[in-house]
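A.B. asks: fold the following.
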Amino acid sequence: MKLNLFLQKWKYELLLFALAQHLFIGIFLKDLPFYTTVIWPINMLILGPASVGIFMDKGKWKNRIRWVLFLLVLALPIGLPFFRNLPDYYIYLNLTYVAFFSFILWELMRFLIKPGYINVDIIVASACGYFLFIEIATFLFQFFYYQDPNCFKGIDAYNPASVYMDLVYFSSITLTSIGYGDILPNAHYT
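C.D. replies: Modelled structure (predicted):
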């Protein structure tokens with residue numbers, strides 16, 4: 001009961017922390033294969049429970065869908081060492097992540113459009129929405145990248161973690177409209 005109250009009270013702060021650590025942990029890591037096999041699943045173990053508070057009191061079906069999506073986004077990186085050579089694995093992985101983050105963003109936007117109250121939750125929820133847009137853009141770009149590796153110029157294709165981090169960087173600078181030009185879209189759909 002105390003855990004539920006904690007998750008409900010700090011739902012936006014927990015989600016913001018979980019999104020920030022998922023998006024920007026690569027700044028502190030040099031060992032990218034270690035990131036892919038160990039840190040990424042741990043990131044998802046943090047992000048899944050951090051999204052629980054957003055869906056409290058939102059109905060049985062929304063919570064079931066969130067749990068199914070969470071289990072998928074947790075299992076897919078764990079399966080990466082075993083299935084990385086399957087050509088469509090990254091495509092399903094990226095589409096599942098887009099669905100997971102879009103589902104959270106949808107519920108967050110419902111709160112932001114019609115807030116029942118005005119306080120610091122609005123600011124923190126807005127920051128969560130911004131990070132969710134970066135997550136969705138990153139995994140959509142990865143989806144396109146794994147379909148056609150030539151759809152971007154300037155991506156470090158050393159391993160999946162370097163591709164992910166380059167696309168987090170590209171999504172972040174694109175959403176802030178800075179656009180340094182070191183990574184460029186090379187197809188009309190990107």
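
A.B. asks: could I have the CA atoms of stretch 1-9 written out in PDB?
C.D. replies: What follows is stretch 1-9 as a C-alpha-only set of coordinates in PDB (Å, rounded to 0.1, in the frame of the first residue of the first chain):
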ATOM      1  CA  MET A   1       0.000   0.000   0.000                       C
ATOM      2  CA  LYS A   2       2.800   2.400   0.900                       C
ATOM      3  CA  LEU A   3       4.500   1.500  -2.400                       C
ATOM      4  CA  ASN A   4       1.400   2.300  -4.400                       C
ATOM      5  CA  LEU A   5       1.100   5.700  -2.600                       C
ATOM      6  CA  PHE A   6       4.700   6.400  -3.300                       C
ATOM      7  CA  LEU A   7       4.300   5.500  -7.000                       C
ATOM      8  CA  GLN A   8       1.200   7.600  -7.400                       C
ATOM      9  CA  LYS A   9       2.700  10.600  -5.600                       C
END
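
A.B. asks: determine the longest helix present in this structure.
C.D. replies: Criterion DSSP state H: the longest helix present in the chain is helix 120-147.

A.B. asks: which residue is nearest the centroid of the protein?
C.D. replies: Computing the C-alpha centroid of the chain and ranking residues by CA atoms, centre = their mean puts Glu135 first, at 3.7 Å.

A.B. asks: mind listing the helices for the chain?
C.D. replies: All helices of the chain, identified by DSSP H, fall at 2-9, 11-24, 32-34, 40-50, 60-78, 80-83, 89-113, 120-147, 160-175.

A.B. asks: out of those, nearest to Thr190?
C.D. replies: When the helices of the chain are ranked by proximity to Thr190, the top entry is helix 120-147, at 5.3 Å, counting by CB to CB. Glycine gets a C-beta too; all of them are placed from N, C-alpha and C.

A.B. asks: list the helices and strands the closest one packs on?
C.D. replies: Using 3 or more CB pairs under 8 Å, 6 or more residues apart in numbering; DSSP states H and E as the contact criterion, the elements in contact with helix 120-147 are helix 11-24, helix 89-113, helix 160-175.

A.B. asks: just put the ones you listed in a markdown table and tack on mean pLDDT, mean neighbour count and distance to Val120.
C.D. replies: Formatted as a markdown table, these follow (pLDDT from 0 to 100; neighbours: other CB atoms under 10 Å; distance: least, CB to CB, whole Å):
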| stretch | mean pLDDT | mean neighbour count | distance to Val120 |
| --- | --- | --- | --- |
| helix 11-24 | 92 | 20 | 8 |
| helix 89-113 | 93 | 18 | 13 |
| helix 160-175 | 91 | 20 | 23 |
